[in-house]
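Visitor: quick one, structure for this:
(2 chains)
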Amino acid sequence: MNFLSIFVLIPLLMLFGLWIARNLNQVRGVMVAGSTALLALAIYLTYTFIGDRAAMPADEFPMLYTASFDWFPALNIKYSVGVDGISVAMLLLSSIIVFTGTFASWQLKPLTKEYFLWFTLLSMGVFGFFISVDMFTMFMFYEIALIPMYLLIGVWGSGKKEYSAMKLTLMLMGGSAFLMCGIFGIYFGAGATTMNVTEIAAREGAVVAVPLSLQRFWFPMTFAGFGVLGAMFPFHTWSPDGHASAPTAVSMLHAGVLMKLGGYGCFRIAMYLMPEAANEMGWIFLILTAISVVYGAFSACVQTDLKYINAYSSVSHCGLVLFAILMMNHVAATGAILQMLSHGLMTALFFALIGMIYGRTHTRDVRELAGLMKIMPFLAVCYVIAGLANLGLPGLSGFVAEMTIFVGAFGNTGAFYTTLTIIACTSIVITAVYILRLVGKILYGVCTNEHHLLLTDATWDERFSVVCLILSVAGLGLAPWWVSDMIGTGVGPIIDVLDGAKQFLNVPF
Amino acid sequence: MDYSQFLYMTAELSLLAVICLVFIADLFLCGRSEKGFDCSEVCGGKKAFCVCRMKRTLPLILFTIHTILTACPCCPGVAEAFGGMYQATPMASIMKTVLNIGVIVVFLMSNKWLRREENWIKQGEFYELVLFTLFGMYLMISSGHFLMFFIGLELASIPMAALVAFDKKRYESAEAGAKFILLALFSSALLLYGISLIYGATGTLYFNDINSILGNTDWAVNAKLFAILGLTLFITGMGFKISLVPFHLWTADTYQGAPTVVTGYLSVISKGSAAFVLLTVLQKVFCLFVTEWNWAFFWIIIASITVANLFAIRQKNLKRFMAFSAISQAGYLVLGIMDGTAQGMTALVFYLLVYLAANLGAFAVLTTVEENTGKIGIDDYAGLYQTNPRLSLLMTLCLFSLAGIPPFAGFFSKFFIFMAAFQTMGGWGHWLVLIALINTVISLYYYLLIVKAMYITPNDKPLPSFRVDCPTRWALAICIAGVLLLGLCGIAYNWIDTFSYGLEEVFAGCAGTCCGAC
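Guide: As a prediction, this is how the structure comes out:
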């Protein structure tokens, strides 16, 4: 038994523990124990990974801690796990979000036990996705992570929750329908001998893994399939509704981790396995993602609901992730993964704070909130920090990520790339507009609603969850080098493959 | 005549023994009182009570023994009896075992329904009729001759009409029975006409001979034309049994009218056996016309899945809803037929096994809710989670499995059957799979409607809380075990895969030999 599988085993045990838990304290106990164990495991993994990685020659990029078990031998389906720098970073992110999410939903009622059951199932899917290297297992965990969202939003959500839950589920499942087709396409195109991502990418005995004529068909399908979850422009509409209606911890997990599944999948499966088509057709998606970056930011400016603002801001930032990986160079791709981490942490922080404010004021309407700084200073200060991280203040994580992305993006020569990068860069300014306006409006000024004057500040569980997230955001912002080195080792082989593919074709730009 | 040939028919003989024993036991065990349906009341006394319980448990025990006895496919496997009338293959025994498991679940979940006052005296008939239809399916599955096949088909459908009309005092049940028998006869007639055309073209009804004669190039073009016409009518006839669009029109009414237990039986076991027979006969008899039936099924599958999904969205009665869901599931099931590959056969049988667990699980919930509260509408299920959390959770798992959501078995079976169909028809399979996949999203929508009713829709007066009776619990336990484990443990699929065969093996003349050793 490989120790990566413990990432799936712990949620499984948690599910069992929750099933037999008799009262609220036991439920909380199971959740805290389980999520702490996951966090500890992720930290241990990061620590050993960096150590083992440093012991290796710098020009080799294997997956570490791989293990493989036959599952359906007739179909070449295996349960295979393994990690590289990217997945370690994602696992660390997920465990932080699950850990803080547990505390953020400490007071949740009713049906607490059921809520945590589905929540744990969701996190099992997320962890499983990041540890697997077999397309089947990956896809299975991907879908495991999608379906609990329906009930989590539908039962415990707020606002027009039934509509949002159904919309989100159907759109994501629609995306995964295309994705499944793409996976079949890759599997059969690559000779129907293996589902293992690294083995297909190794392209034994052939120049290209999948014939280019097939790639032209399957690449857009796979990329769009993952792109739906990554909130790529025409397919992003589930995201604002879904995030706005979801309960706090679910918004955190969804915006923080689940949307990263999309970016990760685009990079690891669509681009890595079909590099020729990625080079050839990448420009289409590059335009779409540039649109999402700017469009998301502009939309955030005109929203009046705190969660909608943040959801559109997520569209913009996740668009930036896809934008950066499509630049297909080392720096930009590293920036993309950094952005995933940074966006995951700060959006989770944002959603946690919004949930806490909403839990007190019972409104998320910007027009009805004012002067919160005096009423709940702790939450308000944290909100400012989250906002500053979002607009890219140096010293916090957002700056590191966006800086790396734009440096990388400008590294690509050619008018096409430069124009798009400049367009995408404007999002920095627009982000500053909506964040600063928002902070000014709701935190400062005079509180007009006298009921709000009676409200209290955060409780211990909320403080704990928020402080953990702020520490992570600041940690990433102040000492990014160890993460970016680790990510760099993971990004390397994928970028090499993408570069290598260029010799086979005439790229239009 | 060599009587040792009967030894190949162990499954049939053992089932026949069960039928006879149940028949005799039914005569002697009590239960003829007009007065009441409560066991202890009818029989009085403790001893009589035991005897009375026997009447319920005996068929179940006997049938379970039969299932266990016939479960293992004997490995040398392929054999013919009676000059090729009867063909035994390991795959056929696997198929029979799958059907057996389904019947056990149906018996378990029928308990509460059979204890109704009006059904109390008819219990024996119920078991007899079910077992006879099953016997017919056995004959169909193992037939090597069209007459044998036809006898099996009729044996499987005529008692079924009696089962559908089992609640004879209920208007809908009788109506459903009439509809079912008329359409079943109609489809049988078409099928028989098809068989006669094939006989006209080839002069024989033995599967093996038809195949070799059609393969003989000396034969005139006319013969092939007749055979293709025969194939068309054969597909039509089987389409009725599997309820594929456009032959599905009887399904919704019959499913709604029939007693819920029978609906479950009809939607899984009858359908599944027909699909399996369709595949084997197409492979054995019509292997030369693979392009023709591929195209026929290409359109039939697209129509079945799409039409049924669109209709299912609008249903308010859960039995009608399950009818349309079953039609679309049949469409997915038949995907395994494309190109007649070995992988397709494995995927088809595995799909059926998983579908059996999930669908019968859902029907067990429907039955027990109906028997305890009398409600069957989707609106009645609103707020079920508040009063019957366990039951709603089980229903949710079954529905998720039907929709193909991991980690439940439905995801695996869907994935495998799509994988099998993907490379077929020289690329057209891609489109088929894409359309089927888009349809899974639609199907997810309507399955979620029920989940939404149970968990989310507010309801001031949800159905009262009730206790599920013991046999139904067992039925649910079996189904849920299937839903949870069949996919995650690869054993079932890998085991089925060992025995499956495709057109390649048929052409090589070693179809169904153990472990695909060609």
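Visitor: let me know the average pLDDT across the helix or strand where A:Leu39 lies.
Guide: Per DSSP states H and E: A:Leu39 is located in helix A:24-54. Averaged across helix A:24-54, the pLDDT comes to 90.
Visitor: list the buried residues in that helix.
Guide: For helix A:24-54, the neighbour count (16 or more other C-beta atoms under 10 Å in any protein chain shown) marks A:27-28, A:30-31, A:34-35, A:37-39, A:41-42, A:45-46, A:49-50, A:53 as buried. From N, CA and C alone the C-beta is placed, and that goes for glycine too.
Visitor: closest one to chain B out of these, please.
Guide: Of all those, chain B sits closest to A:Val27, with 15.0 Å by C-beta to the nearest C-beta.
Visitor: and whatever residue of the stretch 301-450 of chain B ends up closest to chain A, what pLDDT?
Guide: Nearest residue of the stretch 301-450 of chain B to chain A: B:Leu437, at 3.9 Å (C-beta to the nearest C-beta). pLDDT recorded at B:Leu437 is 93.
Visitor: measure B:Asn216 to chain A for me?
Guide: 34 Å (C-beta to the nearest C-beta, to the nearest Å).
Visitor: show me where pLDDT drops low in chain B?
Guide: Low-confidence regions of chain B, defined by pLDDT under 70, span residues B:30-53, B:72-77, B:217-221, B:509-518.
Visitor: which parts of it sit against chain A?
Guide: With C-beta under 8 Å from any C-beta of the partner chain as the criterion, chain B comes near chain A at residues B:343, B:346, B:400, B:405-407, B:411, B:415-416, B:418-419, B:422-423, B:430, B:433-434, B:437-438, B:440-441, B:444-445, B:448, B:451-452, B:455-456, B:490, B:493-494, B:497.
Visitor: now a ChimeraX select for only the buried ones of the residues you listed.
Guide: Applying 16+ other C-beta under 10 Å to those, the buried members can be selected in ChimeraX as follows:
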select /B:343,346,400,405,406,407,411,415,416,418,419,422,423,430,433,434,437,438,440,441,444,445,448,451,452,455,456,490,493,494,497
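Visitor: inside helices: which ones of the residues of chain B next to chain A?
Guide: If you go by DSSP state H, the residues of chain B next to chain A have B:343, B:346, B:400, B:411, B:415-416, B:418-419, B:422, B:430, B:433-434, B:437-438, B:440-441, B:444-445, B:448, B:451-452, B:455, B:493-494, B:497 in helices.
Visitor: quick one: the helices in the stretch 301-450 of chain A?
Guide: A:306-326, A:330-361, A:372-375, A:377-391, A:397-411, A:415-443 (DSSP state H, counting those that start in this stretch).
Visitor: over to the stretch 251-400 of chain B?
Guide: Under DSSP H, counting those that start in this stretch, the stretch 251-400 of chain B gives helices at B:251-257, B:260-265, B:271-285, B:290-313, B:318-334, B:342-373, B:384-387, B:389-403.
Visitor: got JSON lines for those helices, with distance to B:Leu131 too?
Guide: As requested, those are arranged in JSON lines below (distance: least, C-beta to C-beta, whole Å):
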{"stretch": "helix B:251-257", "distance to B:Leu131": "21"}
{"stretch": "helix B:260-265", "distance to B:Leu131": "11"}
{"stretch": "helix B:271-285", "distance to B:Leu131": "14"}
{"stretch": "helix B:290-313", "distance to B:Leu131": "30"}
{"stretch": "helix B:318-334", "distance to B:Leu131": "22"}
{"stretch": "helix B:342-373", "distance to B:Leu131": "17"}
{"stretch": "helix B:384-387", "distance to B:Leu131": "34"}
{"stretch": "helix B:389-403", "distance to B:Leu131": "26"}
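Visitor: so for B:Arg116, which of those sits nearest?
Guide: Nearest to B:Arg116 among the helices of the stretch 251-400 of chain B is helix B:342-373 (7.8 Å), distances taken as C-beta to C-beta.
Visitor: measure how that closest one sits relative to helix B:318-334, angle-wise.
Guide: Helix B:342-373 runs at 170 degrees relative to helix B:318-334, counting by axes from the mean of the first three to the mean of the last three C-alpha atoms, to 10 degrees.
Visitor: shaky segments in chain A?
Guide: Applying pLDDT under 70 to chain A flags residues A:1, A:204-206, A:504-509.
Visitor: helices or strands next to the one helix or strand B:Leu185 maps to in the packing?
Guide: For B:Leu185, the element it lies in under DSSP H and E is helix B:171-202. Helices and strands touching helix B:171-202, by 3 or more C-beta pairs under 8 Å, 6 or more residues apart in numbering or on different chains; DSSP states H and E, are helix B:146-164, helix B:207-215, helix B:221-242, helix B:251-257.
Visitor: tell me which residues of that helix come out buried.
Guide: B:172-177, B:179-181, B:183-184, B:187-188, B:190-195, B:197-199, B:201-202.
Visitor: do the same with stretch A:272-290
Guide: Residues of stretch A:272-290 classed as buried: A:272-283, A:285-286, A:288-290 (neighbour count, 16+ other C-beta under 10 Å).
Visitor: next one: stretch A:232-247
Guide: Within stretch A:232-247, the residues scored as buried using 16+ other C-beta under 10 Å are A:232-233, A:235-236, A:238-247.
Visitor: ditto for stretch A:212-230
Guide: A:212, A:214-215, A:217-230.
Visitor: and these, which of them are in helices?
Guide: A:212, A:214-215, A:217-229.
Visitor: was I right about A:Ile337 contacting A:Thr489?
Guide: No: at 11.1 Å, A:Ile337 does not count as touching A:Thr489 under the criterion of C-beta atoms under 8 Å.
Visitor: ok, residues contacting stretch A:160-173?
Guide: A:143, A:146-147, A:149-151, A:153-154, A:157, A:228-229, A:235, A:237-239, A:241-242, A:244-246, B:440-441, B:444-445, B:448, B:452, B:456 (C-beta atoms under 8 Å, 6 or more residues apart in numbering or on different chains).
Visitor: phi and psi next, for the residue nearest the centre of chain A.
Guide: The centroid of chain A falls nearest to A:Lys260 when counting by C-alpha atoms, centre = their mean (2.2 Å). A:Lys260 adopts backbone torsions of phi -70, psi -30, taken as degrees, to the nearest 10.
Visitor: so who does the most centrally placed residue in chain B touch?
Guide: Nearest residue to the geometric centre of chain B (C-alpha atoms, centre = their mean): B:Ile269, 2.0 Å. Going by C-beta under 8 Å, 6+ apart, B:Ile269 touches B:99, B:102-103, B:106, B:134, B:137, B:356.
Visitor: closest to chain A out of these?
Guide: Nearest to chain A out of those is B:Leu356 (C-beta to the nearest C-beta; 19.5 Å).
Visitor: select the longest strand from chain A.
Guide: strand A:64-72 (DSSP state E).
Visitor: how about whichever residue of the stretch 101-250 of chain A sits closest to chain B, secondary structure?
Guide: Nearest to chain B, among the residues of the stretch 101-250 of chain A, is A:Ala177, at 3.9 Å (C-beta to the nearest C-beta). Look at A:Ala177: counting by DSSP: H, G, I helix; E, B strand; the rest coil, its state is helix.
Visitor: which residues touch it?
Guide: By C-beta under 8 Å, 6+ apart, the contact set of A:Ala177 is A:225, B:434, B:437-438, B:440-441.
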